[in-house]
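Enquirer: Quick one: sequence plus predicted model below, questions after.
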Amino acid sequence: MSETAQKLSSKHLLGIKDLNKKDIELILETANTFKDVINRPIKKVPSLRDITIANIFFENSTRTKLSFELAQKRLSADVVNFAASSSSVSKGETLIDTVNNILSMKVDMVVMRHPYPGAGVFLSKHINAQIVNAGDGAHEHPTQALLDAYSIKEKLGEVAGKKVVIVGDVLHSRVALSNILCLQKLGAEVMVCGPTTLIPKYIGTLGVKVEHNLIKALNWCDVANMLRIQLERQDIKYFPSLREYSMMYGLNKKILNSLDKEIVVMHPGPINRGVEITSDVADSKQSIILNQVENGVAVRMAVLYLLASQKA
């Protein structure tokens, strides 16, 4: 592949904040090649044939875990899956011990999801393998931001100059922070929209616009990324009820049809249908939610390939 000559500036993928614009563009460009691969009759390439990758998930995951695993298998890597709930972690084993035990089995790369922000950074300082952050608490989710940027570029031609609004539970969302950083590095304008209680206090320092009125936000944007309410991370009540939240910030077909222009609708999943987005919007032609899932495999293939090629 022609991209082999170019390398990422970072040994790991811990967060979008560690990538520069060139890195992001290289990942998206490489993902184009892999998108062609996964749409061929024979969907496999031997790029990572001698690489062993461990997927270590300390939190539940469906799409991200499946997507990474599929990406690894499409690249012919050897894959080891590890779920914390059914491991010695539940017996009190520490994060470093867990990973070191796995590394003694000669693993080259670790894809990790962890409930604590910065877990990947901590690990990268203590072990030799390359780390890919598959989500650390409410901090970052870099591959989701990369696949979202790729999906916007695929749909609208480019990301630069586009207006993207992120709607919903920004406070507890790792997707929001990674998306803001990634979109800004690619030249997009970003706005966040939601109830005051779900918008972080520091958000203005990131250079994003803040809007509490959904209709105004949707009329401003080219793309609306609808986040789910993360009830599992909420220790207090941030709004009276899901029904009230849905009435104020839920996107339905009536609202979509009333806008001045056609916008693109995205969602990182899992969708809570009838809360932040109704079924007729999620399944409409303006929605690129399933494209995001497909692009996730190509983007993760690109990330794994580019990281592995640094060791070559």
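Expert: Here it is on my side, so go on. From a predicted model like this one, the values you see are computed outputs, not experimental measurements.
Enquirer: for this structure, which helix is longest?
Expert: helix 289-311 (DSSP state H).
Enquirer: Quick check: which helices or strands does it pack against?
Expert: helix 21-38, helix 63-74, strand 109-114, strand 130-136, helix 142-156, strand 264-266 (3 or more Cβ pairs under 8 Å, 6 or more residues apart in numbering; DSSP states H and E). C-betas here are computed from N, CA, C, even on glycine.
Enquirer: Can you tell me which of the ones you listed is nearest to residue 12?
Expert: For the helices and strands packed on helix 289-311, proximity to residue 12 was assessed by Cβ to Cβ; strand 130-136 is nearest, at 4.5 Å.
Enquirer: what sits up against the closest one?
Expert: For strand 130-136, contacts defined as Cβ atoms under 8 Å, 6 or more residues apart in numbering pick out 11-15, 55, 57, 59, 61, 64-65, 68, 108-120, 123-124, 140-144, 174, 303-304, 307-308, 310-311.
Enquirer: so which of the helices and strands packed on helix 289-311 gets nearest residue 167?
Expert: Among the helices and strands packed on helix 289-311, strand 264-266 comes nearest to residue 167, with 10.0 Å by Cβ to Cβ.
Enquirer: Which strands or helices does the closest one pack on?
Expert: When contacts are defined as 3+ Cβ pairs under 8 Å, 6+ apart, strand 264-266 sits against helix 142-156, strand 223-226, helix 289-311.
Enquirer: do that again at 10 Å, thanks
Expert: Counting contacts by 3 or more Cβ pairs under 10 Å, 6 or more residues apart in numbering; DSSP states H and E, strand 264-266 packs against helix 142-156, strand 163-167, strand 223-226, helix 289-311.
Enquirer: Does residue 198 touch residue 229 like I think?
Expert: Yes. Using Cβ atoms under 10 Å, residue 198 makes contact with residue 229 at a distance of 8.1 Å.
Enquirer: would you list the helices and strands packed on strand 264-266 in a markdown table and tack on mean neighbour count and distance to residue 280?
Expert: Converted to a markdown table, those look like this (neighbours: other Cβ atoms under 10 Å; distance: least, Cβ to Cβ, whole Å):
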| stretch | mean neighbour count | distance to residue 280 |
| --- | --- | --- |
| helix 142-156 | 24 | 20 |
| strand 163-167 | 25 | 17 |
| strand 223-226 | 26 | 14 |
| helix 289-311 | 22 | 13 |
